[in-house]
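1. Task: produce atomic coordinates for the following.
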Amino acid sequence: MNNNNKRKGKNKIKIIPIGGLGEIGKNITVIEYKDEIVVIDCGISFPDSDMYGVDLVIPDVTYLIENKDKVKGIFLTHGHEDHIGALPYILKQINVPVYGAQLTLGLVEKKLQEHGILEECTLNVVNPGDVIKLDKLSVEFIRVNHSIADACAIAIHTPIGRIVHTGDFKIDYTPVDGKIIDLERFAKLGNQGVLLLMADSTNVERPGFNISEKAVGESLNKLFYKVKGRIIVASFASNIHRLQLIANASIRNGRKVAFSGRSMDRISEVAIELGYLNIPEDDIITVAELHNYPDDKVTIITTGSQGEPLAALTRMASSTHRSIQLQEGDLIILSSSPIPGNEKLIYHVINELFKKGVNVIYNTTDDIHVSGHACQEELKLMHTLVRPKYFMPVHGEYRHLKQHAQLAEELGMNCENIFIGDTGQILEVSQNECKLAGRVKTGAIMVDGLGIGDVGNIVLKDRKHLAEEGILTVVVTIQRETYSILAGPDIITRGFIYMKESNELIYEARDIVRKELERCLNNKIKEWSVIKSNIRNALGQFIYIKTKRRPIIIPIIMEI
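-> Below you'll find the predicted structure:
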């Protein structure tokens, strides 16, 4: 009897979110059963405003590297950056098979090609409904709707129960491509019994249902019909259904379509090649060919809907785009909603666009954008169909997770069966018990140029200090044998003060440094580290008294 109890105790599944909980982005979840690990998604997040110079952030996968013999594959729900963006970096550390739908892997392929590792990686295309059978686990892909084609939920079939991970989803009864979310499969899984549900929480604050993506197409048709000038539409490049609707409205109104922006060019090329974006070849032109057509015969589909500083729309707004100059009569449509934190960037671009004399439509009440994430009523339907024993909200900041937990409780779920986890925290699930039990090493690895992980908190703190206070460099040449100053001290500043207008302060600062140097040399102090420290302290104190600023002070001593 005791032995049986011990065996039951070992018969459990570990759910470990390595990223994506309590944050937007960096989605990656580990499902571990005995000697098998499957990984769901492998995404990036974009840097916060205080991550100076950082390009993107990837998850710390130390746990996977330590258990690499157990990892059977990475299973992708869809092709957004926050779900696939980290793959090139992670596959260099732990090269395992990758499974995903055709479009998802088409986008992954381009990434791996850019990183020069495509030939070394194993990509397996799956279709919704396919089941990948491992030794003890089976992984099933289930069609869902989202703001990118080929999105899937994932069901993990284990010896002790089923786990359903919705991925990012919404419920659209009339999707652009006609491929409706497989609600029947979710209902069947619910009837068979689901041990744990992990569900998208991004839009839990929004009541009701999303409107259908097709409603955006109708709105675009009405808008395009009235316009006499060029139409420039900014959207997420990955929202291929939206690109299709924009192209359809353009062609219906006799307009050619041009794509602008690196990611827009790349993703539209993949989507057209794989048959997900259907635009007659004669109706696509390049940006260079725009001048060959009247203004009322062209539509430009561009990046920059989030006000990104280097995106095409931002460069148009600042008149720095190499090929496209805005003019009166242009209509700009922002077919997206602001990602939290991007509002300031977006409204800055909108202001600049209005200054150019163009018309701008950016209000989501015009039905020019719908979200790709389920609102409250859609989430309620998912919970009602799946009827899980245990529930863990995922994909969202803490407030989203908390409100999703409350929604599940309102639907009748016992609060003791609902678990709000944290990145790195282990959720242990067995047939009769579910509990949070310990944590694994996780974190954010920052990518800066070609450097991966070489920018940490100390470097960011220095960059923040430099950005806020500036730098002051002191250069002096010393004759070591005679303990005398041969040249300097000279002072160079960057980001601290404008030297030409602060001569008096610079002269006083030089005197402070000279006096401190002379004091050190007269006392026969030979250690350069001590001299530099004394200069730093004396000059720092003087600068703060005079300016109430604390620039980084770097003494450079040259010895002759």
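
2. pretty sure residue 216 contacts residue 239?
-> No: look at residue 216 against residue 239 with Cβ atoms under 8 Å: they stay out of range, at 9.8 Å. Where you see a C-beta, it was placed from the backbone N, CA and C, and this is true even at glycine.

3. residues shared between the contacts of those two?
-> Overlap between the contact sets of residue 216 and residue 239, as judged by Cβ atoms under 8 Å, 6 or more residues apart in numbering, is nil.

4. and residue 523, how many neighbours?
-> 9 (other Cβ atoms under 10 Å).

5. mind listing what's buried in stretch 548-559?
-> 551-553, 555, 557 (16 or more other Cβ atoms under 10 Å).

6. between the residues you listed, which is nearest residue 248?
-> Distance to residue 248, by Cβ to Cβ, is smallest for residue 552 among the buried residues of stretch 548-559, at 55.7 Å.

7. Which pLDDT value belongs to that closest one?
-> Here the pLDDT value assigned to residue 552 is 79.

8. Am I right that it is in contact with residue 470?
-> Yes: if you go by Cβ under 8 Å, residue 552 and residue 470 touch, sitting 7.5 Å apart.

9. still on that earlier bit, filter the buried residues of stretch 548-559 down to the ones in strands?
-> The strands, defined by DSSP state E, take in 552-553, 555, 557 from the buried residues of stretch 548-559.

10. all strands of the stretch 1-150 of the chain, in order?
-> Assigned by DSSP state E, counting those that start in this stretch, the strands in the stretch 1-150 of the chain fall at 13-19, 28-33, 36-40, 56-59, 71-75, 98-100, 123-125, 131-133, 138-143.

11. Out of the ones you listed, the one nearest residue 314 is which?
-> Judging these by Cβ to Cβ, what sits closest to residue 314 is strand 56-59, at 18.2 Å.

12. what's the least confident stretch among the strands of the stretch 1-150 of the chain?
-> Confidence, taken as mean pLDDT, is least for strand 56-59 of these (a mean of 80).

13. contacting residues around stretch 350-360?
-> Applying Cβ under 8 Å, 6+ apart, the contact partners of stretch 350-360 are 316-319, 326-334, 362.

14. again with stretch 60-74
-> 16, 18, 28, 30, 32, 35-42, 87, 90, 93-94, 96-99, 124, 132, 134, 137, 139, 440-445.

15. The same query, at a cut-off of 7 Å, please.
-> Here stretch 60-74 makes contact (Cβ atoms under 7 Å, 6 or more residues apart in numbering) with 16, 18, 30, 35-39, 42, 90, 93-94, 96-99, 134, 440-445.

16. how is the chain carved up into domains?
-> Domains of the chain are assigned by automatic domain parsing as 2-208+371-452, 213-360, 470-559.

17. Give me the distance from the last one to the chain's centre.
-> When you say that, I think you mean domain 470-559. 43 Å (Cα atoms, centre = their mean, to the nearest Å).

18. same check, this time on stretch 256-266
-> 21 Å.

19. so how far is the first residue of that stretch from its last?
-> 19 Å (Cα to Cα, to the nearest Å).

20. Show me which of the contacts of stretch 350-360 are buried.
-> Applying 16+ other Cβ under 10 Å to the contacts of stretch 350-360, the neighbour count classes 316-317, 326, 330-334, 362 as buried.

21. Format these as a markdown table; extra columns: pLDDT and secondary structure.
-> Listed next are those as a markdown table, based on pLDDT from 0 to 100; DSSP: H, G, I helix; E, B strand; the rest coil:
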| residue | pLDDT | secondary structure |
| --- | --- | --- |
| 316 | 90 | helix |
| 317 | 89 | helix |
| 326 | 90 | coil |
| 330 | 90 | coil |
| 331 | 91 | strand |
| 332 | 91 | strand |
| 333 | 89 | strand |
| 334 | 88 | strand |
| 362 | 83 | coil |
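
22. So for residue 162, which of the strands of the stretch 1-150 of the chain sits nearest?
-> For residue 162, the closest of those is strand 138-143, at 9.0 Å, according to Cβ to Cβ.

23. Residues in contact with that closest one: which ones?
-> With Cβ under 7 Å, 6+ apart as the test, strand 138-143 has contacts from 38, 75, 126, 128-132, 152-157, 179, 181-182, 185-186.

24. mind redoing it with 6 Å?
-> Residues outside strand 138-143 that contact it (Cβ atoms under 6 Å, 6 or more residues apart in numbering) are 38, 75, 126, 128, 130-132, 152-153, 155-157, 182, 185.

25. do the same with stretch 161-179
-> With Cβ under 6 Å, 6+ apart, stretch 161-179 has contacts from 40, 77, 144-146, 153-156, 181, 194-200, 210, 212-214, 241, 244, 372-374, 378, 386.

26. Just the residues you listed: which are in strands?
-> Using DSSP E, the contacts of stretch 161-179 in strands are 40, 153-156, 196-200.

27. just the residues you listed now: which is nearest residue 300?
-> residue 200 (32.1 Å).

28. my guess is the closest one meets residue 393, correct?
-> No: here residue 200 does not reach residue 393: they are 8.5 Å apart, not a contact under Cβ atoms under 6 Å.

29. Could you identify the longest strand within the chain?
-> Max-length strand for the chain by DSSP E is strand 484-494.

30. buried sites along that strand?
-> Residues of strand 484-494 classed as buried: 485, 488-489, 491, 493 (neighbour count, 16+ other Cβ under 10 Å).

31. Show me which pair in those residues is furthest apart.
-> Among those, 485 and 493 lie farthest apart (Cβ to Cβ), at 20.7 Å.

32. Need the residues that contact the strand or helix carrying residue 381.
-> Assigned by DSSP states H and E, residue 381 falls within helix 376-386. The contact list for helix 376-386 (Cβ under 6 Å, 6+ apart) reads 164, 170-171, 186-187, 190, 194, 197, 207-209, 408, 411.

33. how big is the angle separating the next helix or strand after that helix from strand 28-33?
-> Using DSSP H and E, the helix or strand that follows helix 376-386 towards the C-terminus is strand 390-394. Per axes from the mean of the first three to the mean of the last three Cα atoms, to 10 degrees, the angle that strand 390-394 makes with strand 28-33 is 160 degrees.
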